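Novice: The sequence isn't on hand, but the structure is:
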């Protein structure tokens, strides 16, 4: 398959994707598309972007051989350490790229949505770095469960707006950010944090996050002398996963495995696994797989992880599942928390709860494929999750 | 007369009587499912065209009033199937034509194969789909065309001139000229450039033009009425129904 083929001119990945937005945003998306076409792959923009990645974000991030986990799982496990990137997760790759683009497009302010708070923190940091005001929409439920990140955003000068409508999590935050953008489509730049939404966002975010997979691919060849047998990443909207997977799409020998939030189980409303349990529909600008009822109403989700707690998924993942190139599975809350503990104890690395889902999926893969070379996208660090970890894993110890 | 032509005919009839047409909006099943049929009949009697909001969990183009009404209606169990039954009970030939305003996903879930027949059988004359831009609308437009139902096109103050011309040329029923950049419900300021834009839409359109979003006062109705054929009254009417006011008196006070 030719990975560069998608999206097509209309922003489609096979039958998925597209641009389902109010008329008010059509011209704004046209301008964004023109800006992406003009700047994103220009030598000038790329030089500026990569200088920021190197000197401010701290790239390339390390590839760590996980010796203890490898012995424990009977496999060979490498971790692509996005948790070491500035602000603690892969989100910064996209946020700094989009904020650089926003400046070139003459934006007066940046708005962003956030679930776990990582894209909010990354957007606040990038906006501070580049001297733009920043407003972050965050579901009221997430404001509560990711309190440390709210404080970080405020310290970097961002305004955090709690969203109480709808499900009061990531989906409601995106709706509210879209409403803000509809109100000022010319002066405001909407920095979307995942590979979701109307075209060209899924493409733009993928291009900015693909640095993860490009680095990992080279680092695997250097350290392992070979490409991995499988690359595993967690999938909410799917930005870290598409960033890790995309540079491997043409490597037929590399299996790709996306792990969604299985929550409490398979019932509608008990998980956030849109690919595993969803059906086709239009949500927030894109035709993709969504968790909905028979009347097309979007259902609330459950996951212990705020960053994966979303009823939809990036359209390219929906396409990669239907084409069979990527396999998607779900890991439950309990599996993710158990994998988090194991990683922390074995490797001295505390992954984010989102990231822990990838570890849970990788552990399952290792059990079925002894000796396999496994590359895990270690997408973020778990410091932000301490309030939840205090209530869950640590509750017996306190 | 095919369903979509009843819309432009009703708007022009009001204009011929020397007054702007009023398109009255109410969210289906709000404030309560029980009284909806009576509210729908009252709004239909008071307005030239009726627009019924199909509730959706993610109303991204709507402000706080219609969001609140949508969530309450969903909590009360309102579905598109139920709405079509209610419309069928109220719609009468020669009465104010009825449009449904729905985000795309509930329509896709209902099924584009069944929707045109069921909607036409219920007496629906048109659809307004706020998250469906022209470029993505071919499938729904073709489906609705089978039973002569209009797919109403929105234009906005930031729609570029060439695009405005294209959208107006493709318009059915009426052109929905959004008064501002923003969501529904906030009171629309009416600076001169907005009226210039309304004039441009009017010149480009072959079907009637109605201004909508944020229209709450008699002064606004008169001002827009001098430039286009009618107005859409949405959030303000929803709030009046929520307060238990008589929709006929509320609409009469706007004229």
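Specialist: Perfect, I can see it now. This structure is a prediction, so every number in the text was calculated from the model and none was measured. Numbering: from 1, shown residues only, chains lettered A, B, ... in the order given.
Novice: any chance you could map the strands in the stretch 151-300 of chain A?
Specialist: Secondary structure of the stretch 151-300 of chain A (DSSP state E, counting those that start in this stretch): strands at A:159-163, A:188-191, A:230-235, A:255-263, A:279-283, A:286-290.
Novice: if I look at residue B:130, how far off is chain A?
Specialist: Residue B:130 sits 5 Å away from chain A, going by C-beta to the nearest C-beta, to the nearest Å. Yep, even glycine has a C-beta here, placed from its N, CA and C like the rest.
Novice: do the same with residue B:8
Specialist: Counting by C-beta to the nearest C-beta, the gap from residue B:8 to chain A is 20 Å.
Novice: Look at that residue and give its secondary structure.
Specialist: helix (DSSP: H, G, I helix; E, B strand; the rest coil).
Novice: What residue in chain A comes nearest to chain B?
Specialist: Nearest to chain B in chain A, going by C-beta to the nearest C-beta, is residue A:296, at a distance of 2.8 Å.
Novice: Hmm, that residue is touching residue B:102, no?
Specialist: No. Judged on C-beta atoms under 8 Å, residue A:296 makes no contact with residue B:102 at a distance of 9.2 Å.
Novice: overlap in contacts of those two?
Specialist: B:56, B:80 (C-beta atoms under 8 Å, 6 or more residues apart in numbering or on different chains).
Novice: what about residue 8, neighbour count?
Specialist: Using chain A here. Look at residue A:8: counted by other C-beta atoms under 10 Å in any protein chain shown, it has 11 neighbours.
Novice: looking at chain B here, not the other one
Specialist: 23.
Novice: now residue B:93
Specialist: Residue B:93, neighbours per other C-beta under 10 Å, totals 8.
Novice: that older thread, got a list of what the residue of chain A closest to chain B touches?
Specialist: Residues in contact with residue A:296 (C-beta under 8 Å, 6+ apart) are A:281, B:56, B:80, B:105, B:106, B:107, B:108, B:109, B:110.
Novice: I'd guessed residue A:234 sits against residue A:243; true?
Specialist: No. With contact defined as C-beta under 8 Å, residue A:234 does not reach residue A:243; the gap is 11.8 Å.
Novice: Comparing these two, which residue is more hemmed in?
Specialist: More neighbours surround residue A:234 than the other of residue A:234 and residue A:243, with 33 against 30 (other C-beta under 10 Å).
Novice: Beta-bridge partners for that one, please?
Specialist: On the basis of DSSP bridges, residue A:234 is bridged to residue A:259.
Novice: Not counting its neighbours along the chain, what's nearest residue B:32?
Specialist: Spatial nearest neighbour of residue B:32, excluding adjacent residues (C-beta to C-beta, 6 or more residues apart in numbering or on different chains): residue B:76 at 6.8 Å.
Novice: what about the one you found, distance to chain A?
Specialist: Distance, residue B:76 to chain A, by C-beta to the nearest C-beta: 13 Å.
Novice: Quick check: that residue touching residue B:28?
Specialist: No. Look at residue B:76 against residue B:28 with C-beta under 8 Å: they stay out of range, at 9.8 Å.
Novice: OK, contacts around the residue nearest the centre of chain A?
Specialist: Nearest to the geometric centre of chain A sits residue A:239, at 3.3 Å (C-alpha atoms, centre = their mean). By C-beta under 8 Å, 6+ apart, the contact set of residue A:239 is A:90, A:91, A:94, A:193, A:194, A:195, A:205, A:206, A:209, A:314.
Novice: For the stretch 1-150 of chain A, which residues are neighbours of chain B?
Specialist: For the stretch 1-150 of chain A, the residues in contact with chain B (C-beta under 8 Å from any C-beta of the partner chain) are A:10, A:18, A:19, A:20, A:21, A:22, A:23, A:24, A:26, A:27, A:28.
Novice: Can you select the buried ones from those residues in PyMOL?
Specialist: Selecting only the buried entries of the residues of the stretch 1-150 of chain A next to chain B in PyMOL, with 16 or more other C-beta atoms under 10 Å in any protein chain shown as the criterion:
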select buried, chain A and resi 18+19+20+21+22+23+24+26+27+28
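Novice: Can you list the low-confidence ranges for the chain?
Specialist: As the question left the chain open, I've gone with chain A. A:1-4, A:396-398 (pLDDT under 70).
Novice: Chain B, not that one
Specialist: Scanning chain B for pLDDT under 70 picks out no residues.
Novice: all helices of it, in order?
Specialist: Here chain B has its helices, by DSSP state H, at B:3-16, B:36-46, B:64-75, B:80-90, B:104-110, B:115-122, B:138-145, B:161-169, B:192-204, B:218-225, B:235-242, B:247-254.
Novice: The second one: how far from the chain's middle?
Specialist: In this view, helix B:36-46 has its centroid 15 Å away from the chain centroid, taken as C-alpha atoms, centre = their mean, to the nearest Å.
Novice: Check the shortest one too.
Specialist: Averaging C-alpha positions (C-alpha atoms, centre = their mean) puts helix B:104-110 18 Å from its chain's average.
Novice: contacting residues around residue B:17?
Specialist: Listed by C-beta under 8 Å, 6+ apart, the contact set of residue B:17 is empty.
Novice: One more: residue A:289?
Specialist: Taking C-beta under 8 Å, 6+ apart, we find residue A:289 in contact with A:16, A:274, A:275, A:278, A:279, A:280, A:281, A:312, A:313, A:318, A:321.
Novice: Which residue comes closest to the third one once chain neighbours are left out?
Specialist: Excluding its sequence neighbours, the residue lying closest to residue A:275 (C-beta to C-beta, 6+ apart) is residue A:328, at 4.3 Å.
Novice: so that neighbour bridges to which residues?
Specialist: Residue A:328 forms beta bridges with residue A:258, as assigned by DSSP bridges.
Novice: So what's the residue count around the residue of the stretch 51-200 of chain B found nearest chain A?
Specialist: Proximity of the stretch 51-200 of chain B to chain A (C-beta to the nearest C-beta) peaks at residue B:109, 2.8 Å away. With neighbours defined by other C-beta under 10 Å, the count for residue B:109 comes to 19.
Novice: Check residue B:160 too.
Specialist: For residue B:160, the neighbour count with other C-beta under 10 Å is 11.
Novice: wait, what's in contact with the closest residue to residue A:285 other than its chain neighbours?
Specialist: Nearest non-adjacent residue to residue A:285, counting by C-beta to C-beta, 6+ apart: residue A:198, 3.2 Å away. Contacts for residue A:198 (C-beta under 8 Å, 6+ apart) come out as A:11, A:18, A:19, A:20, A:21, A:25, A:29, A:284, A:285, A:286.
Novice: Surely the last one touches residue A:18?
Specialist: Yes. In this structure residue A:286 lies within contact range of residue A:18 using C-beta under 8 Å: 6.3 Å.
Novice: ok, back up a step: contacts only, for the residue nearest to residue A:275.
Specialist: Contact analysis of residue A:328 by C-beta under 8 Å, 6+ apart lists A:235, A:257, A:258, A:259, A:260, A:273, A:275, A:276, A:317, A:321.
Novice: Flag every residue of the stretch 101-250 of chain B that's near chain A.
Specialist: Counting by C-beta under 8 Å from any C-beta, the residues of the stretch 101-250 of chain B lying close to chain A are B:103-110, B:130-136, B:153-156, B:158-160, B:163, B:167, B:178, B:181-183.
Novice: Of the residues you listed, grab the buried ones for PyMOL.
Specialist: A single PyMOL command selects the buried members of these (16+ other C-beta under 10 Å):
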select buried, chain B and resi 103+104+105+106+107+108+109+110+130+131+132+133+134+136+153+154+155+156+158+159+163+167+178+181+182+183
